[in-house]
Structures are given as structure tokens and as C-alpha cells.
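Student: Prediction below, plus the sequence it came from.
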Amino acid sequence: MASHDTTLFDPKEIFGRQVAHYQKGRVMLETPEVGRWLAHMKVPPDSAVADVAAGTGNLTVPLAKLGYQVTAIEPNDAMRGALADRLQVEGITTVAIKPGTAEKLPLEDQSVHLIGVANALHWFDPAKAKPEMRRALAPSGWLLGLSSIISPDAEITQKLHAVLTKECPDYSEAPTQFASTRQSHVDRYIEAYITPSFYEKNQPVIHFSFERFIAYLASISSLADWMSGPTSRDAALASMERFFHQHEEDGEIPLTWDMVVAAGEL
């Protein structure tokens with residue numbers, strides 16, 4: 001069995017670990033695709049927009065590259081720091097990074113034409129976030145929700161779900177991450193905010209190296225402690241390494257993703 005980089009499993013402060021996992025493991029959005037979505041919504045270039053729960057900038061960076069005036073709102077200090085570092089590397093100087101949440105946006109009334117949320121709607125309280133978003137959006141402003149998860153219908157996902165349910169206590173007790181009944185974050189939560197007038201779903205197959213596969217799993221909240229905890233990480237790494245080698249193709253594991261985009265006026 002090949003030897004793999006295990007540096008992501010060093011016992012560090014939890015948010016520092018999550019930043020590294022997000023940067024290495026999450027699927028990145030392509031700028032042309034984001035541009036196509038916004039063109040459909042007729043959000044004019046150079047408009048003021050907000051990325052809420054921006055994380056390390058998966059949506060922020062494409063929006064900025066397209067010429068939008070982006071305010072990236074993120075409650076976590078470490079995530080904001082990683083986003084600032086990424087923007088510097090990318091040579092992007094037009095993004096305002098602010099602490100805040102969907103329930104208390106650091107935005108003026110009617111100040112943005114679009115609020116984008118990537119893989120985070122499930123963390124919000126709709127009863128508080130919806131009126132707050134309405135306050136910040138200009139008339140006829142849009143809410144854009146995005147979700148990317150490994151497809152619950154794929155055979156390999158179901159096998160992974162069975163292993164994780166058996167071996168990870170937090171995962172088995174949490175709402176099922178990859179169960180066949182699980183809908184995407186957008187499908188489950190967007191209806192609390194809007195009736196989408198734009199909806200798109202595709203299922204790309206993305207090949208992950210072992211290190212990226214581990215980083216993706218460790219970025220999932222119900223797996224983070226098991227994957228990175230000082231008493232469990234060695235067993236978790238061994239278990240996922242066995243799974244990887246059972247399913248790898250030329251050193252990578254093929255994962256089918258459900259990529260969902262939904263948008264509508266709020």
C-alpha cells in the first residue's frame with residue numbers, strides 16, 4: 001500500500017484544520033460557469049454583489065474576476081484570513097472582506113443586486129436570514145444558491161456511506177450526508193427563501209487523489225473530529241486508505257457529483 005501525506009491530520013486548532021481541508025478538498029467553481037449563470041439573471045457587470053458565508057472564496061473569486069464589486073461576508077477569522085491570502089495570490093484587490101452572518105449582514109439597505117451562497121444555506125436560520133437578505137438587496141435583487149456534493153445515487157457513494165455510518169459515531173448520529181434520500185443543500189433549503197426561476201443540475205465525474213479525497217471528507221462537519229481527532233485520526237486514515245485503494249483507478253478515485261444551481265428574485 002502506498003504511503004500518503006498525512007500532514008492534514010496533525011492535531012491543530014479546529015478552524016485552522018478546516019481551512020486547509022476546504023482549500024484542498026472542495027470542488028472549485030469555474031469563472032465562465034458563474035458568468036453564464038449571472039448573465040441568465042441579467043445581473044449587470046460591475047454591480048455590487050455579496051458572497052455570504054464566503055469561506056475561502058470559492059464563489060468570491062469568480063465573481064471578482066467577472067468584474068463584480070464583491071463584499072465577501074464570513075464569520076470565521078481563519079476563513080477570512082485564508083480568503084485574503086488567496087485574493088492576494090490571485091492579484092484581486094477589489095473585494096471587501098467583512099465579518100458577519102446571513103442573519104446580520106454588514107450591508108447597507110438595498111445595497112447589492114445579488115446575494116450568492118455556496119454550500120451554506122443549511123447553516124442559516126431562514127426566519128432571520130430571509131428578511132435580512134431582503135433588506136440588503138436592491139429591488140428585484142437575486143438570491144443565488146449553489147450546492148456541490150458527491151451524488152447519493154452513485155454506487156461508490158453508497159458504499160462510502162455504509163463504511164462511514166459503521167465507523168464514525170458523529171456521522172452515524174448526524175443527518176445522513178450521502179444517504180440516497182438526501183437532497184442537495186439547494187433543493188432542501190432554497191424553497192425557504194424563493195421559488196427558483198433558474199435551476200440547473202449536472203453530474204460531473206471528478207477524479208480525486210488520496211490527499212484530496214481525505215481533505216474533502218475532513219471538511220465535512222460530521223466527519224471533522226473523527227478524521228482529525230488525536231484519538232481517532234490514525235484509524236480514520238487507515239479506513240479511508242483501504243476504501244480508496246479498493247476503488248482507485250490509476251491512483252485516483254472517481255466521484256460523481258451533484259452540482260446544483262438555483263436562483264430567483266427574493
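Tutor: Now that the structure is in, tell me what you want to look at.
Student: could you say which helix or strand contains residue 37?
Tutor: For residue 37, the element it lies in under DSSP states H and E is helix 31-40.
Student: tell me which residues in that helix are buried?
Tutor: Neighbour-count burial for helix 31-40 flags 34-35, 37-38 (criterion: 16 or more other CB atoms under 10 Å). All C-beta atoms are positioned from the backbone trio N, CA, C, and that covers glycine.
Student: so which of the residues you listed comes closest to residue 118?
Tutor: Using CB to CB, residue 34 is the member of the buried residues of helix 31-40 that sits closest to residue 118, with 9.9 Å.
Student: so how far is the helix holding residue 37 off the chain centroid?
Tutor: Counting by CA atoms, centre = their mean, to the nearest Å, helix 31-40 is centred 18 Å from the centre of its parent chain.
Student: got CSV for the buried residues of helix 31-40, with distance to residue 167 and pLDDT too?
Tutor: Below are the buried residues of helix 31-40 laid out as CSV (distance: CB to CB, whole Å; pLDDT from 0 to 100):
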residue, distance to residue 167, pLDDT
34, 37, 94
35, 42, 94
37, 38, 93
38, 42, 93
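Student: Rebuild those as TSV, extending it with distance to residue 170.
Tutor: Below are the buried residues of helix 31-40 laid out as TSV (distance: CB to CB, whole Å):
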residue	distance to residue 170
34	33
35	38
37	34
38	37
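Student: from the residues you listed, which two are the most distant?
Tutor: Spanning the widest gap among the buried residues of helix 31-40 are 35 and 37, at 7.3 Å by CB to CB.
Student: need the contact list for the spatially most central residue of the chain.
Tutor: Nearest to the mean C-alpha position of the chain, counting by CA atoms, centre = their mean, stands residue 119 at 3.9 Å. Contact analysis of residue 119 by CB atoms under 8 Å, 6 or more residues apart in numbering lists 26, 58, 146-148, 185.
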